[in-house]
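*Asks:* Sharing a model that was predicted from the sequence below.
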Amino acid sequence: MAKLTLTAFVTLDGVMQAPGGPEEDSSGGFECGGWMVPFADEDTMAFMHEVFDRTGAFLLGRRTYDIFSAYWPRVTDPEDRIAARLNTLPKHVVSTTLRDPEWENTTVVPGDVAAEVARLKERTEEGELQIHGSGALARSLMPYDLIDEYHLLVHPVFLGCGQRLLPDGGPPTAFELTGARTTASGVAIHTYRPAGHARFGSFALDA
């Protein structure tokens, strides 16, 4: 059974919308696309190579799939480790409207998404099943405890608007920090594993 991991670029206020450019996603009037680009450096790329080296298959939301499929098939350098995996490994895209995907090795996830993802985890025998970006998909899976590990690349920028990774009204959840590093440009890379229901206490003095 494969581990399901999520890798997401986020801002200090939790925004994950359109990190790579203004054209990625301007929905809701978002005008701050491309906010991660000034912080891209060798340390970030080294971490991403580590992540992609563990891939067995990809699980993507429709918007992220459209962004990836418009870009990565055009990267044909055989030395590009990220492109090599995205272009050859299985890609499962959650969509109710995609009918005939043209990107090689793409299948559409139908029906009950949580149940289908649970089955995908069972069927992925080598490497991780990885979500990249795909915020709406990630939020839909969180209540079912299907995501086993979160890689959050927190960028030192505040936007004040945009779609956030973690939803309001989600179940209170505790996480265990299992890895941390900081890039030369100030990106804090944190790896978390869910650790059950959030716990609470009080610093109030005894009567």
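*Replies:* Nice, I can see it.

*Asks:* any idea how far P194 is from P19?
*Replies:* Between P19 and P194 the distance is 24 Å, computed by C-beta to C-beta, to the nearest Å. Glycine gets a C-beta too; all of them are placed from N, C-alpha and C.

*Asks:* ah, wrong one, I meant R181
*Replies:* Distance, R181 to P194, using C-beta to C-beta: 21 Å.

*Asks:* And the helices in the protein?
*Replies:* Shown for the chain, the helices assigned by DSSP state H span residues 42-53, 62-71, 81-88, 113-123, 135-141.

*Asks:* Switch those helices over to JSON lines; also include mean neighbour count, mean pLDDT and distance to T107.
*Replies:* What follows is the helices of the chain, written out as JSON lines (neighbours: other C-beta atoms under 10 Å; pLDDT from 0 to 100; distance: least, C-beta to C-beta, whole Å):
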{"stretch": "helix 42-53", "mean neighbour count": "15", "mean pLDDT": "97", "distance to T107": "20"}
{"stretch": "helix 62-71", "mean neighbour count": "19", "mean pLDDT": "93", "distance to T107": "11"}
{"stretch": "helix 81-88", "mean neighbour count": "17", "mean pLDDT": "96", "distance to T107": "14"}
{"stretch": "helix 113-123", "mean neighbour count": "15", "mean pLDDT": "94", "distance to T107": "10"}
{"stretch": "helix 135-141", "mean neighbour count": "20", "mean pLDDT": "93", "distance to T107": "15"}
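
*Asks:* Kindly reformat those helices as TSV and extend each row with distance to T106.
*Replies:* Listed next are these as TSV, based on distance: least, C-beta to C-beta, whole Å:
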stretch	distance to T106
helix 42-53	17
helix 62-71	8
helix 81-88	11
helix 113-123	13
helix 135-141	15
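
*Asks:* So for R181 and P194, which sits in the more crowded spot?
*Replies:* For R181 and P194, the more surrounded residue by other C-beta atoms under 10 Å is P194, and the numbers stand at 16 against 12.

*Asks:* In stretch 122-130, which residues are buried?
*Replies:* Under the neighbour-count criterion of 16 or more other C-beta atoms under 10 Å, stretch 122-130 has T124, G127, E128, L129, Q130 buried.

*Asks:* Sort out for me which of these are in strands.
*Replies:* Among the buried residues of stretch 122-130, the members falling in strands (DSSP state E) are E128, L129, Q130.
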